[in-house]
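Student: coords please:
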Amino acid sequence: MPTHPDTRPPRRASPLLSDSTLRCQTVRIGTRRTSLRLEPEMWDALETITRLTGRSLPQVMTDIDLYRQQSSLTSAVRVVILKFFRAAALDSAAPPTHWLDSAIRPPRATPPERQRA
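Tutor: A predicted model of the protein is given here:
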């Protein structure tokens, strides 16, 4: 059977996959380091949260990881950012640390006995 050259154009990666707008950054959670891929706007929001609350990014990340209920840390970070700015919009008289605490911790939550690995 004769072979014919493949006349189809070469396959290229999807533009959505190859031109990702996500930014990867290494963060410290407790004593370990991990990397997160978030949109630049999410990183900007985290920077705003740390500036307003006076907490460091490792402190915020450690608390998010400790109290998270989402399956992934990335998802939990996005949810906390949303809750923080929602709390800021709804209760602008409260201090920013209150917005962050209410975004991270469910009402009357106590820390789990073991930290996530």
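
Student: do you know how far the residue nearest the centre of the chain is from residue 92?
Tutor: Closest to where the C-alpha atoms of the chain average out (CA atoms, centre = their mean) is residue 77, at 3.2 Å. Note on residue 77: its distance to residue 92, by CB to CB, to the nearest Å, is 23 Å. The C-beta positions use only the backbone N, C-alpha and C, and glycine is treated the same way.

Student: buried set for the top helix by length along the chain?
Tutor: Taking DSSP state H as the criterion, the chain has its longest helix at helix 73-90. With burial defined by 16 or more other CB atoms under 10 Å, the residues of helix 73-90 counted as buried are 73-74, 76-81, 84, 87-88.

Student: Also stretch 22-34?
Tutor: 27, 29.

Student: mean confidence score for the longest helix of the chain?
Tutor: For helix 73-90, the mean pLDDT works out to 94.

Student: again with stretch 95-114
Tutor: Mean pLDDT, stretch 95-114: 77.

Student: need the contact list for residue 62.
Tutor: Residues near residue 62 by CB atoms under 8 Å, 6 or more residues apart in numbering: 28-30.
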